[in-house]
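K.L.:
missing the sequence, but the structure's below:
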């Protein structure tokens with residue numbers, strides 16, 4: 001029974017997390033227990049357990065006497081997040097390249113091939129039409145780090161990347177002049193990793209992370225939003241309305 005409850009709790013946790021990262025719930029919005037128990041068909045205790053785990057990952061906030069809400073997004077937090085990612089994720093990549101074996105290389109080649117073959121609408125980066133690409137993109141960045149022998153480091157890196165996904169999901173569509181050669185960025189990172197060029201791979205990944213943050217920050221400042229949560233209402237996904 002305990003094993004079954006654990007499995008059920010894990011499934012609910014993963015569903016809530018997927019919805020958060022996928023942009024179903026608006027940043028800063030409340031997460032009422034009644035709504036969540038109905039949506040996920042789970043008990044209040046299972047929901048609380050899942051939310052507690054998401055609080056630890058920074059995707060949800062717990063407020064005394066008020067319950068839970070989706071983590072708000074802001075320029076200040078984005079800048080802090082990028083700093084943390086560039087420390088943790090780059091170190092994980094360094095160790096991954098140093099320790100990754102032939103199986104890791106093969107997995108990286110395969111997932112990069114899939115990423116290149118999956119369509120991406122760069123003019124509407126956060127569109128639901130890009131969901132298949134988003135899934136493969138996440139897997140690509142996970143595989144990059146799989147050669148790292150520190151599972152704790154990988155876990156922290158993935159949690160930080162999930163927080164970054166909240167910003168990508170709620171960012172405005174890019175103007176034509178803002179469109180980046182994302183496919184080329186991924187190709188260069190992959191090649192440097194396969195060549196075991198630690199310096200180049202880490203520099204390329206850091207620039208890849210920082211470019212996304214700069215794009216979001218520049219647009220938010222241009223539109224007068226320092227608290228990015230105030231900017232999401234005009235392009236809220238249909239599932240969250």
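P.N.:
All right, it came through fine. Predicted model, so just to flag it, every value in this text is computed and none were measured.

K.L.:
starting at the chain centroid, how far to stretch 143-158?
P.N.:
Its chain's C-alpha centre and that of stretch 143-158 lie 15 Å apart, by CA atoms, centre = their mean, to the nearest Å.

K.L.:
pLDDT averaged over it - what is it?
P.N.:
Throughout stretch 143-158, pLDDT has a mean value of 96.

K.L.:
Which positions within that stretch qualify as buried?
P.N.:
Within stretch 143-158, the residues that qualify as buried are 143, 144, 145, 146, 147, 148, 153, 154, 156, 157, 158, counting by 16 or more other CB atoms under 10 Å. All C-beta spots, glycine's among them, are computed from the backbone N, C-alpha and C.

K.L.:
Okay, now the unreliable bits of this structure?
P.N.:
Within the chain, the segments meeting pLDDT under 70 span 1-6, 122-129, 169-179, 219-241.

K.L.:
rerun that using 80 as the cut-off
P.N.:
Applying pLDDT under 80 to the chain picks out residues 1-6, 22-23, 65, 121-131, 166, 168-180, 215-241.

K.L.:
Strands of that one, residue ranges please.
P.N.:
For the chain, the strands defined by DSSP state E occupy 60-63, 67-70.

K.L.:
Tell me which of the ones you listed is the most buried.
P.N.:
strand 67-70 (a mean of 19; mean count of other CB atoms under 10 Å).

K.L.:
Now do the contacts for residue 94.
P.N.:
Neighbour list for residue 94: 198, 202 [criterion: CB atoms under 8 Å, 6 or more residues apart in numbering].

K.L.:
do you know how far it is from residue 193?
P.N.:
10 Å (CB to CB, to the nearest Å).

K.L.:
what does residue 183 give?
P.N.:
Residue 183 is 16 Å from residue 193, by CB to CB.

K.L.:
just residue 147 next, same as before
P.N.:
Distance from residue 147 to residue 193, by CB to CB: 9 Å.

K.L.:
Quickly list what's touching both of these two.
P.N.:
96, 97, 100.

K.L.:
Which ones among those lie within helices?
P.N.:
96, 97 (DSSP state H).

K.L.:
and of the shared contacts of residue 147 and residue 193, the nearest to residue 135?
P.N.:
Residue 135 has its nearest neighbour among the shared contacts of residue 147 and residue 193 in residue 96, at 20.8 Å by CB to CB.

K.L.:
distance of the nearest residue to the closest one once chain neighbours are set aside from residue 95?
P.N.:
Nearest non-adjacent residue to residue 96, counting by CB to CB, 6 or more residues apart in numbering: residue 147, 3.6 Å away. For residue 147, the distance to residue 95 equals 7 Å [CB to CB].
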